[in-house]
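*Asks:* pasting the sequence and the predicted coordinates here, then a few questions.
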There are 2 protein chains.
Amino acid sequence: MSSGDALARERFSIPQGVIYLDGNSLGAMPQATPERLRALMREEWRTDLIASWNKHGWIDLPMTVAAKLAPILGAKANELLVTDSTSVALFKLLSSAVRARPGRTTILTQRRNFPTDLYVAQGLADMLGLTLKAVAADEVAEAIDDSVAVVTLTHVDYRSGAVHDMAAINQVARAASALTCWDLSHSAGALALDLNGANCDLAVGCGYKYLNGGPGAPATIFVAEALQDQLSPSLQGWMGHSDPFAFVDDYAPAPGIARFLTGTPSILALAALECGIATFDGITMAQIEARSRDLTQRFIETVEDLCGELVTLASPRDPAQRGSHVSFTHADGYAVMQALIERQVIGDFRAPDLLRFGFAPLYNDEDEVIRAAHILGDIIRTGEWDSPRFHERGRVT
Amino acid sequence: MSSGDALARERFSIPQGVIYLDGNSLGAMPQATPERLRALMREEWRTDLIASWNKHGWIDLPMTVAAKLAPILGAKANELLVTDSTSVALFKLLSSAVRARPGRTTILTQRRNFPTDLYVAQGLADMLGLTLKAVAADEVAEAIDDSVAVVTLTHVDYRSGAVHDMAAINQVARAASALTCWDLSHSAGALALDLNGANCDLAVGCGYKYLNGGPGAPATIFVAEALQDQLSPSLQGWMGHSDPFAFVDDYAPAPGIARFLTGTPSILALAALECGIATFDGITMAQIEARSRDLTQRFIETVEDLCGELVTLASPRDPAQRGSHVSFTHADGYAVMQALIERQVIGDFRAPDLLRFGFAPLYNDEDEVIRAAHILGDIIRTGEWDSPRFHERGRVT
């Protein structure tokens, strides 16, 4: 393997000719997923029917699949769960957090956080008569005071890729007895996280981006071990009961992380996520983070060499300050992205003017990253994007 | 097809020799599901990657799949959504309902409702300082007064199969300006429902029982058209935003049923559910309900003929009063069920003493139902169940 090769390209099935730089939105398909789901359907669901819940360990999948994320997230296996959507997972953790800090009136976040994080927090605040306070990203730490029940932030900004200093914010929060809840959607599987080392309290993450779990894959829930028995979600259900099959009328939370389960999760979706997580087997997050920095750096340098006067870098220039995606602004970014897609370079566009490119070191290699930069340079320098067909808007871009 | 044949056995893949009477817990696998998921993975996810959200209609699947439930539930297509788990869906609807009835302090339910329904309602009530009032099943109507924000009941009791009179309770609730929220988990796909005709306000249902959507399939959400714009879930997220891809900081609910979406649902799970719903194509719910009554009636009569003095019917004797499953009590019910399973008759056991058998007219035929009754009669009359190996407890039965 040359130093520019992808770390595990052979574990993925990617169409010939496509340069896929949108794994931060939907990870590519692992080779193993179709066969795993075929076997799950034919040999488990079809053959063993209801007995599969025990015989094939379905009932434990939210914990057993999550346990495989421990080295990816820098957390203990018994601190992790996969279930529900990221939004629902965030609601569960935030509602638990505010319940554990009675009398505190504020949920603190940053402006321009990922929208669903704001919507979830606002919905909860409205429900409970609390205040959602949103400040600028660099004012979060100083805004933490003893009115704050929980601080909720996205670790890597979905537009710019800018990274929050997790340990620093956790330290300020802890000093104020506020809890922290991190959204790892754009960092899980891309950066060398150390949730325990950074003293994280709570976190959620997305299964369908860098974790390659398939469209709408279940979310990750992290609750620090020391907190688990102090917290209990208001969104409680039978799968989180201490004895779900006793079918008693009164709720009693399961010990440990299992109490954060609610209803029955999709077993098909959990099995697909397991295949996505398995694409990391034998590869350390230090390797992935290092490669990610190489790829993003090489992309930025090449694009700026070729057309730096026509685009503006919208991501931190310091590799230590950014995640695994890079954004440039261009006034006609939408059309530029459509022209790129026609040339089989797949990134995405975020309004009003952001060209966004994600780099997944498991399957992206240096050669294709340089080629993508050259194609982008061509399109921008020649004005190839300025065609009516590239200006037609679809609903999702 | 003889009058005792299953209505669509050929649409399912069921192991030879097995008499599967647990479709009320996990529906059998449709023949079409593996191929549909293979195509979704290879031809959509793998090939078109992120573009699949538009190109293959993923973004609309929660609505387009749900629309196919309209004739099954007796509702309008634009009143239905499939997403999340049944527990999470119930939380969303109950939180919307109490928000729409400010000042009302009570969520009314019945004792021994399906446990997760009680846990969800209790969690919400605790969160908001409301009271969850649980009364006996036959006292619900008289307990509806002007303190009640919402009445939440399971249409068909998961133990006995007893059916609530949905229209009658809806009428009493409406007179008191209380909303109703029905859990259709044991009736959707089994009974000829008419949510509109019965003046239902809200309902949730399970996708993995009679709808054959696979383990942990997404739940159904029903919100009557006239109510949709008056209600808004507190568990709000980007998929329910009026313009999710504008990525704005402020939440604005989508018009209509889409506002009840929260996060990104599993596309694999939605596609599998679509295959499950397709097993009803061309078959009316009147046909299914009639056949269900024939099967349950024939089973009860045969079992009582063979061993009526040794088991007690725990389901209503009047077919009009029960759903599509039948329960008998037996003091050693657990061991009896294990003996049945060893003889390849798959029902389930619910503590402390319930033998439960579900009848899915799409794939269960009269002949196997009579055979199952004879095997049960044998096991009970001969005492075959009284062996140490049938008394060992697994976690899920």
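*Replies:* Great, that's in hand.
*Asks:* switch to C-alpha atoms for all contacts and neighbour counts from now on
*Replies:* OK.
*Asks:* can you list the domains in chain A?
*Replies:* A:9-29+A:284-390, A:33-278 (automatic domain parsing).
*Asks:* tell me which of the ones you listed is the most buried.
*Replies:* domain A:33-278 (a mean of 22; mean count of other CA atoms under 10 Å in any protein chain shown).
*Asks:* that domain: how far from the chain's middle?
*Replies:* 11 Å (CA atoms, centre = their mean, to the nearest Å).
*Asks:* helices of the stretch 101-250 of chain A, residue ranges please.
*Replies:* Secondary structure of the stretch 101-250 of chain A (DSSP state H, counting those that start in this stretch): helices at A:115-128, A:140-143, A:166-175, A:225-228.
*Asks:* ok, which of the ones you listed comes nearest A:Asp84?
*Replies:* helix A:115-128 (14.0 Å; CA to CA).
*Asks:* tell me if that closest one is near chain B.
*Replies:* Yes - against chain B, helix A:115-128 shows contacts by CA under 8 Å from any CA of the partner chain at A:115-120, A:123-124, A:126-128.
*Asks:* reformat the helices of the stretch 101-250 of chain A as TSV; add mean pLDDT.
*Replies:* Listed next are those as TSV, based on pLDDT from 0 to 100:
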stretch	mean pLDDT
helix A:115-128	97
helix A:140-143	98
helix A:166-175	98
helix A:225-228	98
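*Asks:* now render the ones you listed as CSV, adding distance to B:Ser177.
*Replies:* Output for the helices of the stretch 101-250 of chain A, formatted as CSV (distance: least, CA to CA, whole Å):
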stretch, distance to B:Ser177
helix A:115-128, 21
helix A:140-143, 44
helix A:166-175, 45
helix A:225-228, 40
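*Asks:* now do the longest strand along chain A: everything it contacts.
*Replies:* If you go by DSSP state E, chain A has its longest strand at strand A:148-154. Residues outside strand A:148-154 that contact it (CA atoms under 8 Å, 6 or more residues apart in numbering or on different chains) are A:94, A:97-98, A:101-102, A:104-110, A:113-114, A:144, A:164, A:173, A:177-185.
*Asks:* any idea how far chain B is from the most centrally placed residue in chain A?
*Replies:* Nearest residue to the geometric centre of chain A (CA atoms, centre = their mean): A:Ser185, 1.6 Å. Relative to chain B, A:Ser185 is positioned 13 Å away (CA to the nearest CA, to the nearest Å).
*Asks:* how about the strands in the stretch 51-200 of chain A?
*Replies:* Remark: strands assigned in the stretch 51-200 of chain A by DSSP state E, counting those that start in this stretch are A:80-83, A:106-110, A:131-135, A:148-154, A:179-183.
*Asks:* could I get those as a markdown table with mean pLDDT?
*Replies:* What follows is the strands of the stretch 51-200 of chain A, written out as a markdown table (pLDDT from 0 to 100):
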| stretch | mean pLDDT |
| --- | --- |
| strand A:80-83 | 98 |
| strand A:106-110 | 98 |
| strand A:131-135 | 98 |
| strand A:148-154 | 98 |
| strand A:179-183 | 98 |
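*Asks:* what residues does the stretch 101-250 of chain A put near chain B?
*Replies:* Near chain B, when you scan the stretch 101-250 of chain A using CA under 8 Å from any CA, you find A:111-120, A:123-124, A:126-128, A:214-218, A:233-238, A:245-250.
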